[in-house]
Each structure stands twice: as structure tokens, then as C-alpha cells.
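1. A structural model of the following input is requested.
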Amino acid sequence: MMIIDTACLRKRPRQFRGEIDTVDLELETLPFVRPGRALHYDLRAECVGDELLVRGSLSLDMECLCARCGAWFQKRQTAPDFTRAYRLAADDAAIDLTPDIREDIILSFPSNWLCRDDCRGLCAGCGADLNHEACRCPRQRRADPGSLWAALEGITPGRLQPGGGAPRTGGIKDSMEET
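-> Numbers count the residues shown, from 1 in each chain. Okay, the predicted model is just below:
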């Protein structure tokens, strides 16, 4: 846990460097990541008026699951601009930064982890990891991504009746004449 005693900050700013056990941050429950043992922080805390201002950086070594190929890979995730302001109470209190540190490192995660920018992923047909092996699909099933929609070219659009069913003939004009 990262707790700052504000009494020591009333006179001058302080630098805090160290690590927080990832169990305290509850990061082991996140999907697609396996956090390392500790999150590292380098923070500067100072009293500004009636607020405690904390700024600095966070970093976490972890394993991530690639969204394209499904391989686990090592990654150092950083949050270089951690900034929080806390209202100071009249009495000298301790402020727990742990929930905000957890939130900031999680918000720094990308929406999809990639083992590398040019990851080719898995073949949709045979499942081959295209980063390490060739596609094993028969030659006629292989298609470039632009022709994957070719199977839909022969389908003509039609309207379905309410609740499903075969396409109706006629349009709005025809249905108005029937009434």
C-alpha cells in the first residue's frame, strides 16, 4: 500500500520511490495480463494551499496475452503522468494513494494487447500462427483479406417480413395499395 503522512509535507515537498505489491493493487484479477511482483513508483508530493499534490510516474512489468496471435509476451507498462490532488484535512492525516495508483496503471493499458505492431495473428481457417508458420489451408480456401466477402457477392438484398421469413415482393407503394 502507498500511504502518505501529510504531517511531514507541511514544510517542504518530498520524493517517494519504491514499489507496491501487486496483490495490494488487486491486479491479478484482470483478464489478459499477469502482473509481475510489484508496481514501481517515483512520486513527488507537496502541499499547495489546502491540497496535497502528488505527481510522478508508475511502471509495472507483466505478461500480456496478444489479441491477434494468443501468445503471452513480456511488457513494461508505464503511466508517466500520474497526477492527483487531495484536499487536506485540518488535522494531520494519512492519505492512501493505492486506489488511485491502481486506477491510473489500468487506464494506461491499451484496449488490445499486441505482442508487436506487425503481429500477423492466427489464420482464421487452420489456426496457424502466421508469425511462425505458413497457413495450412488448402490452396482454394486461402483468400486475401480483400476477397473474404466474395461469398456474399451473389446475394441480393431483400426485405424480410416482420418476425423473419422470406423476402417480400413489392415496396411501400404496393403495401399502400393493398389497404
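2. and the helices in this structure?
-> Ranges of helices in the chain, per DSSP state H, are 22-25, 98-107, 172-178.
3. residue contacts, residue 135?
-> When contacts are counted by Cβ atoms under 8 Å, 6 or more residues apart in numbering, residue 135 touches 123, 125, 126, 128, 142. (Glycine included, C-beta is placed from N, CA and C.)
4. scratch that, residue 84 is what I was asking about
-> Counting by Cβ under 8 Å, 6+ apart, residue 84 makes contact with 53, 54, 97, 100.
5. now swap in residue 100 and tell me
-> 82, 84.
6. please redo it, this time with the cut-off set to 10 Å
-> 2, 54, 82, 83, 84, 86 (Cβ atoms under 10 Å, 6 or more residues apart in numbering).
7. local confidence estimate at the residue lying closest to the last one once chain neighbours are set aside?
-> When the adjacent residues along the chain are set aside, residue 86 lies closest to residue 52, with 4.5 Å between them (Cβ to Cβ, 6 or more residues apart in numbering). Per-residue confidence at residue 52 stands at 88 (pLDDT).
8. check the one 4 residues further on too.
-> Residue-level confidence at residue 56 comes out at 96, pLDDT.
9. chain neighbours aside, what residue packs nearest to it?
-> residue 43 (3.5 Å).
10. what are the bridge partners for the one you found, then?
-> residue 16, residue 56 (DSSP bridges).
11. now for it, how many residues are close by?
-> Using other Cβ atoms under 10 Å, residue 43 has 21 other residues around it.
12. can you pull the contacts of it?
-> The neighbours of residue 43, taking Cβ under 10 Å, 6+ apart as the test, are 2, 4, 14-18, 54-58, 82-84, 97, 101.
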